[in-house]
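*Asks:* Got a predicted structure here, sequence first:
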Amino acid sequence: MVFTDTATGPTMAMMANTTIAAGLPPLPAYETRPLPDLLPWISDFWLSLILPHIAYWVVSMCFHIIDVYDFFPQYRLHTPEEISQRNLASRYEVARDVLLEQVIQIGTSAVLNLLDDQQLTGHENYEVAVWATRIRLAQRGLPTILGFVGLNAGALSKTIAGSYPLLAGALAGGVYPSLFELDDMAGTAVPAFASWEMLLAKAIYWIIIPCIKFWFAAFVLDSWQYLWHRAMHMNKWMYTKWHARHHRLYVPYAYGALYNHPVEGFVLDTLGAAIAYKCSFMTSREGMFFFVGSMMKTVDDHCGYALPWDPLQNITSNNAAYHDIHHQSWGIKTNFSQPFFTTWDRILGTMWKGDTSIKYERTRAAAANKKKGTKGEETKDE
C-alpha cells in the first residue's frame, strides 16, 4: 500500500507499511493545507489580537450596567458609597491605564503570532488513527495483566465472542479477526479499527489533549502570577513602584481588572500568559481561546459581585469574593492566587482564614458615615 504526503512522503509510507506488517490497521494518507480563518471577514492573526480585549470590554460593560442600575444589590460585595469614598483612582485614570496595558498586550500577541508556525489542517484523521493504533497496541498487554489476577483472557474471549465480539477482541489482546475494510488503492482487504477504538481516539485527540493543554497553561499562569504577585507584596520597592497602583482600588470593579503599572502589567499578566501559552504547546487557535478565557476570568474576579449563577465564579473557589479579600487593607497579605485556582495559597499557607462579614460591615458603615459627613459639610456651606 502506498501512502503519500506533501510534507513527509516516504517517511509516512514506511510508517504505514510497518503497521500493516505488524497486523495493525494502516494509517491513512493525508495532505496538509493552511487552516482556514475562523471567521471569513477577518484573519486569525488580527482576530487573535483583538478578541481577548473585545471580551474584556464586553464582560466589563455588562457588569458596569449591572453596577450603574443596581440590578443585583443583594449580591454586591461593596456598596456604591464605598466605590466613591474608598477608591483612590478615578474611573478615567483606570480606563486610561487599562487601554495602555492592552496596547502592550496587542503588541506582544503580534510578536507571538509572528513567531508561531503556520497552523495546518488535513492531518487530523491521521493523528486520530495514530491514537487508535496506540490503543490497539495497549490491548496486547491486557491478557498478561489479567493473568496476574488469575484470569484466563483467552478463555474469556472465546466464551463471549458470539455475544460481545468487540469485548472479546480486546480481551484477546486486540485481535479482531472479523474487522476488515477494503483498501481503495490496493483493492485488498486490510485490518480495520473497532468503532470503540476510533471513538476513544477521537476523544483523546479532540477533547482530552486540548483539556490537558488548557489545564497545564492555567497551572503555569497561576504559578507565575502567584510568585510575582506575592513578591510584589513582600518587596517594598516593587510594591511602591509597581503594585501599589493596582491597590488604589480598594473596591474593585470589572474594567479595573487590568489597572496596573505598565511594568507590572507586562511582567505579571502579559508575559505570564505568553509563557503559559508556549509551555503548554497550544496551537495558535487554542491560544486565542485560552487568552479570551483568562481575560474573562480576570474581569470576573474584579467584578465586585458574588453571583451564584455566574459560571466563572463556580468553576473554582478563586472568584470575585475570594480576590476581593486581597484588596482590603486587612486581607492584603493573603489570597495572592489568581486567576484560576487557589492551589498555591493552600500549599503555602497564604489563604485568608476566618469570617469576613464583620470586617465588611465596618467598611460599609465607615463609607456611609463619611458620605453623610460630606453632605453635612456641603449643607453648612450653603
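*Replies:* Structure's in. What do you need? Computed from a predicted structure; not experimentally measured.

*Asks:* host element of the closest residue to residue 39 other than its chain neighbours?
*Replies:* In this structure, residue 39 finds its nearest non-sequential neighbour in residue 47, 6.4 Å apart by CB to CB, 6 or more residues apart in numbering. In this view, the C-beta of every residue, glycine as well, is placed from N, C-alpha and C. Element membership of residue 47, judged by DSSP states H and E, is helix 44-68.

*Asks:* Mind listing residues that contact that helix?
*Replies:* With CB atoms under 8 Å, 6 or more residues apart in numbering as the test, helix 44-68 has contacts from 35, 37-39, 71-72, 80, 102, 105-106, 109-110, 113, 119, 253-255, 257-258, 284-285, 287-288, 291-292, 294-296, 299-300, 303-305.

*Asks:* Quick check: ChimeraX command selecting the buried ones in those residues.
*Replies:* Listed next is the ChimeraX selection for buried residues among those, using 16 or more other CB atoms under 10 Å:
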select :102,105,106,109,113,253,254,255,257,258,284,287,288,291,292,294,295,296,299,300,303,304,305
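
*Asks:* Take the contacts of helix 44-68 and keep only those in strands.
*Replies:* Of these, none are assigned to strands by DSSP state E.

*Asks:* Sort out for me which of the contacts of helix 44-68 are in helices.
*Replies:* 80, 102, 105-106, 109-110, 113, 284-285, 287-288, 291-292, 294-296, 299-300 (DSSP state H).

*Asks:* Which residues are in contact with residue 262?
*Replies:* 97, 100, 101, 104.

*Asks:* The spatially closest residue to the third one that is not a sequence neighbour and residue 228: what is the separation?
*Replies:* Meaning residue 101. Nearest in space to residue 101, with sequence neighbours left out and distances taken as CB to CB, 6+ apart, is residue 265 at 4.0 Å. Relative to residue 228, residue 265 is positioned 11 Å away (CB to CB, to the nearest Å).

*Asks:* Show me which of these two is the more surrounded one.
*Replies:* residue 265 (23 against 19; other CB atoms under 10 Å).

*Asks:* Double-check that one against residue 103; I have them as touching.
*Replies:* No - using CB atoms under 8 Å as the test, residue 265 is too far from residue 103 to be in contact (10.4 Å).

*Asks:* my read: residue 248 touches residue 87, true?
*Replies:* Yes - under the criterion of CB under 8 Å, residue 248 is in contact with residue 87, at a separation of 6.7 Å.

*Asks:* When the two are compared, which one has more neighbours?
*Replies:* Neighbour totals were compared for residue 248 and residue 87, and residue 87 leads with 19 against 16 (other CB under 10 Å).

*Asks:* got the contact list for the more buried one?
*Replies:* 248, 249, 250, 251.

*Asks:* tell me the secondary structure for residue 368?
*Replies:* helix (DSSP: H, G, I helix; E, B strand; the rest coil).

*Asks:* And the pLDDT at it?
*Replies:* Among the per-residue scores, residue 368 holds a pLDDT of 81.

*Asks:* thought it was touching residue 80?
*Replies:* No - contact criterion CB under 8 Å: residue 368 and residue 80 do not qualify, at 10.1 Å.

*Asks:* which parts of stretch 147-156 are buried?
*Replies:* Neighbour-count burial for stretch 147-156 [16+ other CB under 10 Å]: 153, 156.

*Asks:* again but with stretch 107-121, I slipped
*Replies:* 108, 109, 112, 113, 116.

*Asks:* What separation do you get for the first one and residue 288?
*Replies:* So the one you mean is residue 108. As for residue 108, its distance to residue 288 is 14 Å (criterion: CB to CB).

*Asks:* next one: the fourth one
*Replies:* Between residue 113 and residue 288 the distance, using CB to CB, works out to 9 Å.

*Asks:* Now stretch 349-358: buried residues?
*Replies:* Buried residues in stretch 349-358, defined by neighbour count with 16+ other CB under 10 Å: 350, 351.

*Asks:* Ignore what I typed, I meant stretch 205-214.
*Replies:* Buried-residue list, stretch 205-214, by 16+ other CB under 10 Å: 205, 210, 213, 214.

*Asks:* my read is the first one is in a helix, agree?
*Replies:* Translated: residue 205. Yes - counting by three-state DSSP, one finds residue 205 located in a helix.

*Asks:* what's the closest non-adjacent residue to it?
*Replies:* In space, and not counting its chain neighbours, residue 205 is closest to residue 128: 5.1 Å by CB to CB, 6+ apart.

*Asks:* surely the one you found meets residue 201?
*Replies:* Yes - between residue 128 and residue 201 there is a contact under CB under 8 Å: 4.9 Å.

*Asks:* mind listing the strands for the stretch 51-200 of the chain?
*Replies:* Counting by DSSP state E, counting those that start in this stretch, the stretch 51-200 of the chain has strands at residues 120-121, 180-182, 189-191.

*Asks:* and among those, the most buried is which?
*Replies:* Ranked by mean neighbour count under mean count of other CB atoms under 10 Å, the strands of the stretch 51-200 of the chain are led by strand 189-191, which reaches a mean of 14.
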